[in-house]
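K.L.:
no letters, just coordinates:
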């Protein structure tokens, strides 16, 4: 495909696309099998740094070993960074200069509502959709990138820079793997993160995560649960009250919608359902399961002891999706407004644990937002146990790398009008010189609307034809970036 001109290097991209498509089609079943293999591992990341053999838990160590074994099987050099993450490398640059691809192989918990085993991948009858936890977010994208590297390798397309595919293991709970990687490996000159949507994402909000804990409950609230993870809500939430009869609870709660009561040993279990919302992860005008549970408990008249004070505050804050009550609302360009998510509640040793996730615009006044959040927590009846912040990501659309990647995506996907995006939460924010790039193709079919099927949802699935199409994008992008670096 290579043609040399006086003014530089170019390729017959149409011919390249056709060849990549043919190669991808010939490897389709192998590709599906490899995605299925990694999706059988329940690689939910946990913080376990006291164990150097499995710093993010045994499942993530198993996932890392599998990713490196698979990479080695295809002839790539593999590197293990003290079990925090690993990489597959194509090329032999003498200075270890590289183009990076960062995919995370950890997942959020599976949650409820699946129509099949979330860790036994199932292919749809038409062969288009593969269902399992991690298929969309983000394991299939890592395998797609590996196959793009395989294409380069098997066609002996040599680049000046190595291509380094990094398998992350802690993206979902703080991206703590990236500093460990950067401490042990030469940083790629430029990196792609296939955890977004084409053509590129040029802005991502800053992310704060807090852990708030109540005083030990002195009354009848004995257990409470909501949310699959800090960044993943749940369709239901529940609480257990001691010393309350089913009849009394049903009478007290009859004014609340989507609320049921069942008798349990010594009391009742109150379960609520969320409202359906049309825009995923943006429940404006609705009640999430967390918000409904807090409001139901606070307004029930059933709580005793100090639970009433804590739940009154939680009920007030849990539907403050824009931070207006907290005094932190902002709508700065390019990706306002600020968004608050109150997904996860747990009970530990008699204390309510509340895990707010707040995301603020890339160009907002960061100091003002962060100080406002901390002030709101200080005024609450709960204790702030921990607070973390991930800085926002932003790259100008005038950046030549951004412009080139947009051009490549539009051409390779034959979608000349797709526009850059300005939201998400990827490894790009923790890396120098990185851009979120795919792997979602605009126009992706949502089989179940926004109710399920997507990242962090029940019946999560990936789109096999679109993933195969991704290979032409990534093969060309790697060649183009190599010429620019």
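P.N.:
Done, it's in. For clarity, every value in this text was computed on a predicted model and none was experimentally measured.
K.L.:
who are the neighbours in contact with the residue nearest the centre of the chain?
P.N.:
For the chain, the residue whose C-alpha lies nearest the mean C-alpha position (C-alpha atoms, centre = their mean) is residue 172; its distance is 5.6 Å. Counting by C-beta atoms under 8 Å, 6 or more residues apart in numbering, residue 172 touches 44, 45, 104, 106, 107, 108, 229, 231. C-beta here means a position set from N, CA and C on the backbone, and glycine is covered the same way.
K.L.:
mind telling me what element the nearest residue to the first one once chain neighbours are set aside is part of?
P.N.:
Translated: residue 44. Ranked by C-beta to C-beta, 6 or more residues apart in numbering and with sequence neighbours excluded, the top spatial neighbour of residue 44 is residue 109, at 5.4 Å. Using DSSP states H and E, residue 109 sits within no helix or strand.
K.L.:
OK, contacts around residue 146?
P.N.:
The neighbourhood of residue 146, defined by C-beta under 8 Å, 6+ apart, consists of 34, 70, 71, 74, 76, 88, 165.
K.L.:
could you redo the last one with a cut-off of 10 Å?
P.N.:
Going by C-beta atoms under 10 Å, 6 or more residues apart in numbering, residue 146 touches 31, 34, 67, 70-71, 74, 76, 88, 90, 101, 103, 165, 167.
K.L.:
please report the distance of it from residue 345.
P.N.:
Separation of residue 146 from residue 345 (C-beta to C-beta, to the nearest Å): 38 Å.
K.L.:
just residue 458 next, same as before
P.N.:
Per C-beta to C-beta, residue 458 is found 19 Å from residue 345.
K.L.:
and for residue 232?
P.N.:
In this structure, residue 232 and residue 345 are 13 Å apart, going by C-beta to C-beta.
K.L.:
more crowded one of those two?
P.N.:
Just comparing residue 232 and residue 345: by other C-beta atoms under 10 Å the higher neighbour count belongs to residue 345, 24 against 21.
K.L.:
would that one count as being in a strand?
P.N.:
Yes - counting by DSSP: H, G, I helix; E, B strand; the rest coil, residue 345 is found in a strand.
K.L.:
quickly find the element holding residue 167.
P.N.:
For residue 167, the element it lies in under DSSP H and E is strand 162-168.
K.L.:
ok, which stretches of the stretch 201-350 of the chain are strands?
P.N.:
Along the stretch 201-350 of the chain, counting by DSSP state E, counting those that start in this stretch, strands occupy 203-204, 206-213, 221-226, 236-242, 259-264, 267-273, 339-348.
K.L.:
got the contact list for residue 210?
P.N.:
Contacts of residue 210 by C-beta under 10 Å, 6+ apart are 230, 354-358, 373-374, 376-377, 382, 384-389.
K.L.:
pLDDT weak spots in this structure?
P.N.:
1-10, 277-282 (pLDDT under 70).
K.L.:
could you rerun that using 90?
P.N.:
1-11, 231-233, 275-287, 423, 450-451 (pLDDT under 90).
K.L.:
roughly how far does residue 192 sit from residue 481?
P.N.:
8 Å.
K.L.:
common neighbours of those two, please.
P.N.:
What both residue 192 and residue 481 touch, as defined by C-beta under 10 Å, 6+ apart, is the set 99, 163, 401, 405, 435.
K.L.:
just the ones of these in strands?
P.N.:
Those of the shared contacts of residue 192 and residue 481 mapping onto strands are 99, 163, 435, per DSSP state E.
K.L.:
between those, which is closest to residue 212?
P.N.:
For these, the minimum distance to residue 212 (C-beta to C-beta) is 34.4 Å, reached by residue 435.
K.L.:
okay, and the beta partners of the closest one?
P.N.:
Note on residue 435: beta-bridge partners residue 192, judged by DSSP bridges.
K.L.:
where do the strands sit along the stretch 51-200 of the chain?
P.N.:
77-80, 86-90, 98-104, 122-123, 129-131, 162-168, 190-193, 196-197.
K.L.:
centre of the chain to the third one, how far?
P.N.:
For strand 98-104, the distance from its own C-alpha centre to the chain's C-alpha centre is 16 Å (C-alpha atoms, centre = their mean, to the nearest Å).
K.L.:
partners of that strand in the sheet?
P.N.:
Paired with strand 98-104 in the same sheet, following DSSP bridges, are strand 162-168 (parallel), strand 190-193 (parallel).
K.L.:
right, so those: which one is the most enclosed?
P.N.:
Highest mean neighbour count among these (mean count of other C-beta atoms under 10 Å): strand 162-168, with a mean of 28.
K.L.:
how many degrees apart are that strand and strand 86-90 in direction?
P.N.:
Here strand 162-168 runs at an angle of 160 degrees relative to strand 86-90 (axes from the mean of the first three to the mean of the last three C-alpha atoms, to 10 degrees).
K.L.:
returning to what we had before: buried only: go through the contacts of residue 146 for me.
P.N.:
Among those, the ones that count as buried by 16 or more other C-beta atoms under 10 Å are 31, 34, 67, 70, 71, 76, 88, 90, 101, 103, 165, 167.
K.L.:
can you lay out those residues as a markdown table showing distance to residue 22?
P.N.:
Listed next are the buried ones among the contacts of residue 146 as a markdown table, based on distance: C-beta to C-beta, whole Å:
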| residue | distance to residue 22 |
| --- | --- |
| 31 | 14 |
| 34 | 19 |
| 67 | 27 |
| 70 | 23 |
| 71 | 24 |
| 76 | 22 |
| 88 | 24 |
| 90 | 21 |
| 101 | 23 |
| 103 | 25 |
| 165 | 23 |
| 167 | 28 |
